[in-house]
Structures are given as structure tokens and as C-alpha cells.
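Participant: Got a sequence here, can you model it:
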Amino acid sequence: MTTPAPAGTLPAHRTPRVRPVTFGRLLAAEWVKLRTLRSTWWALAVGVLFVPLFAVTRMVSIAQVPEAVGADSLVGAVYVTSGVALTQLVFCTLGVLSVAGEYGTGQIRSTFTAVPHRTTALAAKLVVTVGAVMVASVAAVALAWAGSSPWFEQTGMSIDLTSAEDARLLLGVPLYLGAATALAFGVAAIVRSSAAGIAIVLGLLLVVENGLSLIPWEPIQAAAALLPGTAGSRLLQSDAVGSVITTSGVADLGPWQGYGVMLVWVAAVLAVATVLLRRRDA
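Facilitator: Numbering: from 1, shown residues only. Just a heads-up that it's a prediction; the model follows:
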């Protein structure tokens, strides 16, 4: 005769197995949360379309100006990536919403209940968000290249991946957009508000950086060149054409040095966000 199990308990073979929380499972959970939001797909789609749309538009415009065709300053990779200026605004908005949206709905409390180590949860969310943006950025560059190629012969342009500059300009798109998204993510984790996060990030990239770069005073120009968007955009800048992102004319930093400065800004913002995450209630 068997002894019945106490009321409210499950038989041994029906006891649910609790799996440990690993970083891989956190990534999978964050990807599910990100991809089930329609706003994510809209943002990625709009960001991807901006790059080929602007590339084709600029190529057609250049092809209609006979005196510009064949000019030495026409660097194909610069014009193919010219839509990055607007794409960064879309992807930065996505970076803000990916973390601030959870604070707005209160879902972040459930996340931290399931994952008491808050820093790990935030890191998983950051990796998924930036990863999605970088993959979308690669697709955007590929579409822009394919869409612009019919006008290469007419405009005298070309893209050669064996050229260090062309490779840097194309590779720089996902690297720059990924860093810009991470910066926006960090700002949102600090302010915990979608509206405030978007206002701060877009205000910095659109107003503050471009505004300071136009002030004709050397110390301010030098300081403006070290701001994240201006410094990072050196990665997408050709000496012959200039930048498609910022109006700054200061070029003391090399492309990879400028990108390094941008990464320092990103690391600093994320460090502040991490400290506040540990000290504040969800």
C-alpha cells in the first residue's frame, strides 16, 4: 500500500525542474521581449530603409550634375552611407525605449525579481538591443550598396573593400550605430524615462554638438570635437568629403581615435547607470 502525498504537493515525477539563470537564457528572454514589440520592428525597418533611401537619392542627384561626375572628391562609400545621420536618431530612440519602456510599464520589477543580479540583467538587455541594431545596420549598408550600384559607372564612383578607407566607412556604420544605441541605452537607464531619455540623447546629437561646433572659438571647437557623436563620426568621415553626421570641421582625431573617444563616453554613461541601478529601487 502506498502512502498518499501530502495535500498541495506534486508527485516526484511531476515536480517542475527549476533551471539556473544563465547569461544565455537571459539573452534569449530579452530577445523574446524585444522582438514581441511591434515598435522594435518598426524602428528597425525605418532605420534600415533610411540608409538606402538617402544613398540612392544622393547618387541620382550627383548623376544629374555633369560637372560633378568624375570629380576626385566623389568617394562612393561616403554617399552610400549618407543616411546614417537620420538612422542614428531612430536607433537611439529604440535604445531608449528598450530599457525606459520597462520602467514605464513596471515590467522591470518582474525582470529583477527573476534575476536578482541587476547588472547581469541590464547587460543582457544591452547586448540584445545593440546586437539587433548592428545586424540591421549591416543589412542597411548592403541594401544601400546594391541600390546605388546602378549609378556607379555614370558617376565615376566605386567601392573597393580592399581599400582601407572604403572598408572603414562601410564597417563603421554598424560600429557607430551600435555605440550610439548603447549611449542612448545608458542615458535611459539613468533617467528611467522614455521622454527624458529621447530628449537628452537627440538634444545632444542634434543641438548641442552641432551648435557648439559652429561657434568660432577654438577652445569650444576643440571641446565639441570630443563629444560622443562628433568624435565617433570620424569613423565615417572621408578627408575628401567630410562627415555626413556632424557639422564639425575639427579633424585632430583619427578615425579610430575618434571612435575610441565615443566608446569612452559610452563606458562612462553605462558605469553611471550601473551604479545607480544598484543603489536605487526598481
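Participant: Can you check which helix is longest in the protein?
Facilitator: helix 118-148 (DSSP state H).
Participant: next one: it to chain centre, how far?
Facilitator: Offset of helix 118-148 from its chain centre (C-alpha atoms, centre = their mean, to the nearest Å): 7 Å.
Participant: average pLDDT across that helix?
Facilitator: Averaging pLDDT along helix 118-148 gives 94.
Participant: now the next helix or strand after that helix, how far from the centre of its chain.
Facilitator: Per DSSP states H and E, the first helix or strand lying C-terminal to helix 118-148 is helix 152-155. For helix 152-155, the separation from the chain centroid amounts to 31 Å (computed by C-alpha atoms, centre = their mean).
Participant: I'd like to know which elements the following helix or strand past helix 152-155 is packed against.
Facilitator: Counting by DSSP H and E, the next helix or strand C-terminal to helix 152-155 is helix 164-191. Under the contact criterion of 3 or more C-beta pairs under 8 Å, 6 or more residues apart in numbering; DSSP states H and E, helix 164-191 touches helix 76-80, helix 84-105, helix 118-148, helix 194-202, helix 228-232, helix 255-279. For every residue, glycine as well, the C-beta is placed using N, CA and C.
Participant: can those helices go into JSON lines with extra columns for distance to residue 51?
Facilitator: Shown next, in JSON lines, are the helices and strands packed on helix 164-191 (distance: least, C-beta to C-beta, whole Å):
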{"stretch": "helix 76-80", "distance to residue 51": "8"}
{"stretch": "helix 84-105", "distance to residue 51": "6"}
{"stretch": "helix 118-148", "distance to residue 51": "4"}
{"stretch": "helix 194-202", "distance to residue 51": "19"}
{"stretch": "helix 228-232", "distance to residue 51": "17"}
{"stretch": "helix 255-279", "distance to residue 51": "19"}
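Participant: Show me the one of these that comes nearest residue 50.
Facilitator: Across these, residue 50 has its closest neighbour in helix 84-105 (4.5 Å, C-beta to C-beta).
Participant: Could you list every helix and strand in contact with the next helix or strand after that closest one?
Facilitator: Downstream of helix 84-105, the first helix or strand assigned by DSSP H and E is helix 107-114. Counting contacts by 3+ C-beta pairs under 8 Å, 6+ apart, helix 107-114 is packed against helix 118-148.
Participant: What residues sit buried inside the helix it packs on?
Facilitator: By 16 or more other C-beta atoms under 10 Å, the buried positions in helix 118-148 come out as 118, 121-134, 136-141, 143-145, 147-148.
Participant: Next: stretch 162-171.
Facilitator: For stretch 162-171, by 16+ other C-beta under 10 Å, it's 165-166, 168-171.
Participant: out of these, who's nearest residue 20?
Facilitator: Nearest member of those to residue 20, counting by C-beta to C-beta, is residue 171, at 37.1 Å.
Participant: On the pLDDT front, check the closest one for me.
Facilitator: At residue 171, pLDDT is 93.
Participant: which ones are touching it?
Facilitator: Not one residue lies near residue 171 by C-beta atoms under 8 Å, 6 or more residues apart in numbering.
Participant: what about it, distance to residue 59?
Facilitator: Relative to residue 59, residue 171 is positioned 21 Å away (C-beta to C-beta, to the nearest Å).
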